[in-house]
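Asker: Can you look at this prediction? I've put the sequence above it.
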Amino acid sequence: MLKGLSQPGLLFRNSINTLPHFSKSATYCSPITWKRYSSTSKEFRLTDNFIEKYKNKEPKFGFGALSELVFLRTYSRLTKEGENEAWYQTVERVVNGTYNMQKRWIDDHGLEWVGNKAQASAQNMYTRIFEMKFLPPGRGLWAMGTPIIEEKNLYASLNNCAFVSTENIKGDLAKPFTFLMDASMLGVGVGFDTKGAGTVLVKGANLDKVNKHLIGDSREGWVESVKVLIEACVFGQPIPQFDYSQIRPAGTPMKAFGGIASGPENLKILHEEIKNVLMKNKGELLTATTIVDVMNFIGKSVVSGGTRATAEIAFGECDSNEFLDLKNYEVNPHRGSYGWTSNNSIFANLGMNYGPICERIRNNGEPGFAWLENMRSYSRMNENEKDNKDHRAKGGNPCLEQTLESYEMCCLVETFPHNHTSLEDYKTTLKFAYLYAKTVTLGQTHWPETNKVTLRNRRIGCSMSGLAQFITTRGIDELKKWSTEGYQTIKKYDEKFSDWFAVPRSIKTTSIKPSGTVSLLAGATPGMHYPISQYYIRRVRVNRLSPLIEPLKNAGIHIEPSLDNPNDMVVSMPIAQCHGMRKERDVSMWEQLSLAAFLQKYWADNQVSCTISFDPVKEGPQIEHALNYFQYQLKGVSFLPRDSKKYPQMPYEEIDEETYNKMVSQISPVKWNQISPHKWEFLNDPEVKPKMQHQMRLPDAENFCGNEACALPPHANSGEKSALNNGEKTE
C-alpha cells in the first residue's frame, strides 16, 4: 500500500514537505501584493514568527492528491512573484483579511482594539483553518484578503447566496433582474420568486424608434444594459441600439476577479433572448414564465463565458400549473436549452394535497418544497423556538439552507465535527467559524437594499459536514449532544462578539449546507449526505493546457479528454471512505428525511439543505405520505430519483474494493514540484487566450451556496441532471 493510504479516504499525499510555487491552473489573475507590516502598522498581520512554523508543515488534505488538486486548481492565488500560494499562504491571506475587516470596523467606530489579544485570536483561527477543522466558503478562500476586498471593497463577493422577490416589481421593474445578474457576476447564488406575475402590463418596445446606448466595459455596464432593455420592452420605450465597441475582446485576462473575458457575444445573445421573451408577452400582464425565463437567460449568459458558474432557484405557487410545467419539456420543449439554469421549488402550504405534485417528482425530482410558514415562524423546529423571528422572510437561497428576506445575502462557513477529538475542541472551532462569518456581515455592499437588511439581521450560516462519517464512528446520540451544545456555544459567542462590534445579534446562525469542493479539501462527506459507496472514483475537470496535468500523468493517474468540452481533461481518482459507512442507496428515503428533521430540530435555526434520494419504484409512491408527516418538521426539501444507469465521466462512480486496490497499485505520489513557472507562459500567447475563454474560471460550486448540485456548470445542457449522479456535475 502506498504511503498515506492507511487513513480512510486518503488516496496519497505529496512526497515533498512543502507545496511548490507555480501559477494557477484554473484562473488567470493579477498577482497579489504580499506585504509584511510591523506591530505598529495600522493593518493587521499575523507575525512572521508564527507563519514560519507552518511553512514546512504538511497540510491535512483529507483526500490526499485529490484535495491538493482541488486546492491548486481552484483556490490558490498568485503572489506578486507570480508563484502559486501554498496552503499556509492562502490561510495567512484569509486570516489577515478577516482580522483587517474587524480592525477597520473597530477603528471606524471608535471602539477598542487590543493588538495582542487579536494576534492570539487570529493565530487560533489560522491553526483551525490550516488543520481543516473549519473552512470559510470557497468565495472566502478565493477573495478574502485580496485587492477585491482590500482595495475595491466588493464585500458582496464574500457571500455565498442571496434572494430577491419580484413581489414589488411594479414599483421598480428591472431591479430584481439586475440584482440577480449583478450578484451572479460576483459569484453569488440567487433565489427569486414569481410573485410579480400579473402585476405589470408588458407594452412591448417601440420598434419605430431607437435609443442608442454605449455599454461600458464593466460588470456595471453589462447590468445597466439589461436594465435599459427590460424597461424599454415593458414600458413601450424606444428599442435600445447597443454599442458593444468598448467591451474587451474574448480572451483578455480579467485582472480583479481572475478568468478570461468572454467578449461581447454572450451579452448580445442575452439581449436578443430577453427582447424576444418580453415581446412575446406583449399586450398581456407579465407572466411567471416570463419572469423565470429572463432570470434563466441571465444565468445562462453568466455561465456561457466560462469564467463564472451560477446558481439559481425559482420559487412558484403550489397551485400554478404554469410554473409546475416549466420543467416539463413535453409541454415546453423550447425551455430544454435553458431551463436547467434554475432549481425550481414551490411555496408549499401546510396541509395541502401533495399527491399531484409527487407524481411529477417521481419522474424528474422537481419541484422541491419550501414551507414559508415554517421558515418565518421557527428558529430550530421545536415548540420552544416558535419565535416568529423571520416574519419578513420571503424565500431562500439556491440550495435552500438559508431563510432570506428580499435582497438579503448570507455567508456560510463549514465545520467538520469528524475532524475533532472532543466536543470541547469542537466548541472552540465553532467560536472561530462563527467569528469569520460574523466578520463578513461587517462589509458594506453596493446595494442599499441589501445593506438595510444586513444591518438589521446579521444573518450567518455555520454548517456541519462529514455527518455520515461522524454518525458511522460516534453514533447519533453523540451527534445530538454535539449539535445541541454546539448551538448554545454559537449563541454565547454571538452575544459576546455582537456586543464588541456594537451590532445586533444575528437573527439566525446555523444551517446545514450541502457542500462541494470545500468538503473535498477536508476529506468530508458533503453535509448530511451519505457517499455513493465506500469505494468510488471521483472525477474532476482540469484545463487541458494546465501544468497540473503533467505531474498527475507522471503519477499514473487516469486522465482523459472531456466528452463535452474539448478544452477540458477529466481526472479520475480512486477514493475510500471510512470502514463501515453505508452507501447512499442503503439509507432509505424515510431515514434521510428523519436525519434532516433531526438536524432541523437540534442544530439548524436557518434550514437544512437536503436532497432526498429515493427508489422511484419502491419509495416513489410513499413521497406523498412522507410529506404529510415531515411538513411539520422541515422548512424545505427536494427529492431526486435514484438512477442505476451509468454514464461516461460521471462525477462519482461506484467501484468495489478490488478495483480500488488495483487502481491504487498503479499510482505513485504526485510530485507537484515537477512544475516550473515558465510553463505558464502559454497564458500570454494571443492564439491561446481566445481558446481559454471557456476554461479559465473562478471557483466552481463553492462560489455559491456550496454544492455542485446547486451550482450550474458552464457547459450544462437540458439533459445534464439526468445524466449525472445526484444531479452533480463533473467539476
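Answerer: Great, that's in hand. Numbering: from 1, shown residues only.
Asker: In terms of helix, strand or coil, where does Val190 fall?
Answerer: Look at Val190: counting by DSSP: H, G, I helix; E, B strand; the rest coil, its state is strand.
Asker: got a list of what it touches?
Answerer: Cys161, Ala162, Phe163, Val164, Phe179, Leu180, Ala183, Ser184, Ala311, Glu312, Asn397, Pro398 (C-beta atoms under 8 Å, 6 or more residues apart in numbering). All C-beta atoms are positioned from the backbone trio N, CA, C, and that covers glycine.
Asker: Identify those among the residues you listed that sit within strands.
Answerer: Taking DSSP state E, the ones among those that sit in strands are Cys161, Ala162, Phe163, Val164, Glu312.
Asker: Can you give me the distance of Asn96 to Phe130?
Answerer: According to C-beta to C-beta, to the nearest Å, Asn96 and Phe130 sit 13 Å apart.
Asker: so Ile471 is in which element?
Answerer: Element membership for Ile471 (DSSP states H and E) is helix 467-474.
Asker: just checking, what packs against the helix ranked longest in the chain?
Answerer: Taking DSSP state H as the criterion, the chain has its longest helix at helix 476-501. Judged by 3 or more C-beta pairs under 8 Å, 6 or more residues apart in numbering; DSSP states H and E, helix 476-501 is in contact with helix 87-108, helix 423-440, helix 467-474, helix 589-602.
Asker: CA-only coordinates of the helix or strand that it is followed by in PDB, if you can.
Answerer: Next helix or strand after helix 476-501 toward the C-terminus (DSSP H and E): helix 517-522. The C-alpha trace of helix 517-522 is given here as PDB (Å, rounded to 0.1, in the frame of the first residue of the first chain):
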ATOM      1  CA  THR A 517     -15.300  21.400  -3.300                       C
ATOM      2  CA  VAL A 518     -14.600  22.800   0.200                       C
ATOM      3  CA  SER A 519     -15.500  19.400   1.800                       C
ATOM      4  CA  LEU A 520     -13.200  17.800  -0.700                       C
ATOM      5  CA  LEU A 521     -10.300  19.700   0.800                       C
ATOM      6  CA  ALA A 522     -11.100  18.300   4.300                       C
END
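Asker: Make residue 1 into 16 and carry on from there
Answerer: Sure, I'll start numbering at 16, so the last one becomes helix 532-537.
Asker: Quick check: buried residues in helix 532-537?
Answerer: Buried residues in helix 532-537, counting neighbours by 16 or more other C-beta atoms under 10 Å, are found at Thr532, Val533, Ser534, Leu535, Leu536, Ala537.
Asker: Could you single out the nearest of the contacts of Val205 to Gly370?
Answerer: Distances from Gly370 to these, taken as C-beta to C-beta, are shortest for Pro413 (26.8 Å).
Asker: Number of residues surrounding that closest one?
Answerer: Using other C-beta atoms under 10 Å, Pro413 has 32 neighbouring residues.
Asker: For it, give its distance to Val203.
Answerer: 10 Å.
Asker: Kindly report the same for Ala452.
Answerer: Using C-beta to C-beta, one obtains 15 Å as the distance from Ala452 to Val203.
Asker: same check, this time on Phe447
Answerer: Look at Phe447 and Val203: by C-beta to C-beta, they are 24 Å apart.
Asker: more neighbours, these two?
Answerer: Shown here are Phe447 and Val203; by other C-beta under 10 Å, Val203 has more neighbours (28 against 24).
Asker: Leu173 is in contact with that one, correct?
Answerer: No. The pair Val203 / Leu173 is not scored as a contact, 9.3 Å apart, by C-beta atoms under 8 Å.
Asker: Overlap in contacts, the two.
Answerer: Shared contacts of Val203 and Leu173, defined by C-beta under 8 Å, 6+ apart, are found at Arg154.
Asker: just to revisit the earlier point, so between Asn111 and Phe145, which is more surrounded?
Answerer: Taking neighbours as other C-beta under 10 Å, Asn111 and Phe145 compare with Asn111 leading, 22 against 18.
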